[in-house]
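1. Please find the sequence and the predicted model below.
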Amino acid sequence: MHRLPRTLLCSVILSACLVLRAGAADLAPPPAAVEPAGAVPPAWSFRFVPYGWLIALNGTQTVRGRSAKVNASFPDIVEKSDTLVALMGNFEARRGPFALYGDLVWTRIGFESENVRTRAPAPGITTTVGRSLGLDIEMAILEVGAAYEVARSGPLALDVLGGVRYWHQKADLSFESARTVEVGDLELAGGLAFARSGSVDWLDPVIGARVRYAVAPGHELFLRGDVGGFGVGSTFSWQAVGGYGFDFGTYNGVTVSGVIGYRALSVDYAQGEGRRRYAFDMIQHGPILGVSLRW
């Protein structure tokens, strides 16, 4: 008679222990949730590329209504130019698919008469001028904009981009003053007549696309094209750049790469009429060589 209550009591105690254990488990704090790797915002990365652009020029330069045909390769400019100074660099900041970029080209180039030929004057100039002896151009081209990666397939990526390209120029065109007619608006010095443009500035909107292809780790091919102007600044401009980048190594967290390629930039700009006319209808093209610093 006494064994049954004792067995029942043990069963009740065992059940109570199980209930308390389950309740304690319910009261314990839940394990910390692990965020998927894709939810972490990507960090910014930066790239700076100082480079040299071995420029050749083909086209027409007009200063104060006097036009000159320019046809000079880079070796011509190096061999025969009395002035050749250049400063160039490219910068890009990228976060995930989004990037901001900037590019600066500044040059001062002097051409001798072998690469400059007088052309017919602009409308409003009734007589021509003597044989052109030289052309000096100081030019700055600053481009800023944004790019966005719209498609990716394995090692291949496609970016669309948009921005603005700012141009600043000064040009001096010189002639033999003894053979020059209508020199009233020209400057005379040392037997030469100079047509000086002063500062000329304009701003072009730009849209384009860029393709990047990772050939192998640390090796990338790139191709970029854009168009701009649309009558806002210049009548029209276009650019094509292609190249190859290859890593040398990483030093103190900075990846150093070499960059080789080719760049062509064309613009057709004009302002004013008659003796106030300034025009720059030119293709600038040539190899590019640079060093990329990425961190």
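-> Alright, I've got the coordinates.

2. what's the average pLDDT for the one helix or strand residue 289 maps to?
-> Using DSSP states H and E, the element containing residue 289 is strand 278-294. For strand 278-294, mean pLDDT rounds to 95.

3. Next: stretch 159-177.
-> Across stretch 159-177, pLDDT averages out at 90.

4. May I see the buried residues of that stretch?
-> For stretch 159-177, the neighbour count (16 or more other Cβ atoms under 10 Å) marks 159, 161, 163, 165, 167, 169-175, 177 as buried. In short, each C-beta sits where N, CA and C put it, glycine included.

5. Closest one of those to residue 288?
-> residue 165 (16.9 Å; Cβ to Cβ).

6. how near is that closest one to residue 153?
-> Between residue 165 and residue 153 the computed distance is 30 Å (Cβ to Cβ, to the nearest Å).

7. pLDDT at residue 210, what is it?
-> pLDDT, residue 210: 98.

8. what sits against it?
-> Neighbour list for residue 210: 147, 158-159, 161, 222-225 [criterion: Cβ atoms under 8 Å, 6 or more residues apart in numbering].

9. how about the helices in the stretch 101-250 of the chain?
-> Applying DSSP state H, counting those that start in this stretch to the stretch 101-250 of the chain gives no helices.

10. so where do the strands sit in it?
-> Using DSSP state E, counting those that start in this stretch, the strands found in the stretch 101-250 of the chain span residues 116-118, 132-153, 156-176, 187-189, 192-196, 200-216, 219-228, 236-251.

11. Now render the ones you listed as CSV, adding distance to residue 295.
-> Output for these, formatted as CSV (distance: least, Cβ to Cβ, whole Å):
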stretch, distance to residue 295
strand 116-118, 44
strand 132-153, 19
strand 156-176, 20
strand 187-189, 50
strand 192-196, 44
strand 200-216, 18
strand 219-228, 16
strand 236-251, 9
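
12. Write a PyMOL command that selects only the buried members of the contacts of residue 210.
-> Selection of buried members from these for PyMOL, criterion 16+ other Cβ under 10 Å:
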select buried, resi 147+159+161+222+224
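
13. mind checking how far residue 260 is from residue 289?
-> According to Cβ to Cβ, residue 260 and residue 289 sit 6 Å apart.

14. I misspoke; the intended subject was residue 141.
-> Counting by Cβ to Cβ, the gap from residue 141 to residue 289 is 18 Å.

15. Of those two, which one has the most company?
-> Using other Cβ atoms under 10 Å as the criterion, residue 141 and residue 289 rank with residue 141 on top: 19 against 13.

16. Surely the more buried one touches residue 201?
-> No. The criterion here is Cβ atoms under 8 Å, and residue 141 misses it with residue 201 at 11.3 Å.
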